[in-house]
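Chemist: No letters, just coordinates:
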């Protein structure tokens, strides 16, 4: 069983990674434009949205949806790409039956 403090640390790490992914997107205007189009956000609303765990999950899911984007971010952060997938799973909410959505 995962202890609550360990799970909280894992979630905090996942959120931090998602913020890094967002900053990485900001450095790629084409990818950022695509992300904004998919989420319906604007550059003006992105800062406010960044405090929402669902938004942070959307950032990681966006990274995971494109292999070249995923690989570039993983290389930039010197991470295994699977680490990004695991972080997304940490942020994914649970369904009513106790399993993660998605």
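Modeler: Everything's here; your move. The structure displayed is predicted, hence computed values, not measured ones.
Chemist: Centre-most residue in this structure?
Modeler: Geometric centre of the chain, nearest residue: residue 60, 2.5 Å, by Cα atoms, centre = their mean.
Chemist: and the longest helix for the chain?
Modeler: helix 4-26 (DSSP state H).
Chemist: what helices or strands is the next helix or strand after that helix leaning on?
Modeler: Sequence order places helix 29-39 as the next helix or strand after helix 4-26, per DSSP states H and E. When contacts are defined as 3 or more Cβ pairs under 8 Å, 6 or more residues apart in numbering; DSSP states H and E, helix 29-39 sits against helix 4-26, helix 53-64. Placement of C-beta: from N, CA and C, glycine included.
Chemist: Now find how far off-centre helix 29-39 is within its chain.
Modeler: 14 Å (Cα atoms, centre = their mean, to the nearest Å).
Chemist: outside of it, which residues touch it?
Modeler: 25, 26, 42, 43, 46, 49, 55, 58, 59, 62, 69 (Cβ atoms under 8 Å, 6 or more residues apart in numbering).
Chemist: Now the helix or strand following that helix: buried residues?
Modeler: Per DSSP H and E, the first helix or strand lying C-terminal to helix 29-39 is helix 46-49. Residues of helix 46-49 classed as buried by neighbour count (16 or more other Cβ atoms under 10 Å): 46, 49.
Chemist: which helices and strands sit right next to helix 46-49?
Modeler: Helices and strands touching helix 46-49, by 3+ Cβ pairs under 8 Å, 6+ apart: there are none.
Chemist: Now the terminal residues of stretch 40-55, how far apart.
Modeler: With Cα to Cα, to the nearest Å as the measure, stretch 40-55 spans 11 Å from end to end.
Chemist: same deal with stretch 54-74?
Modeler: 21 Å.
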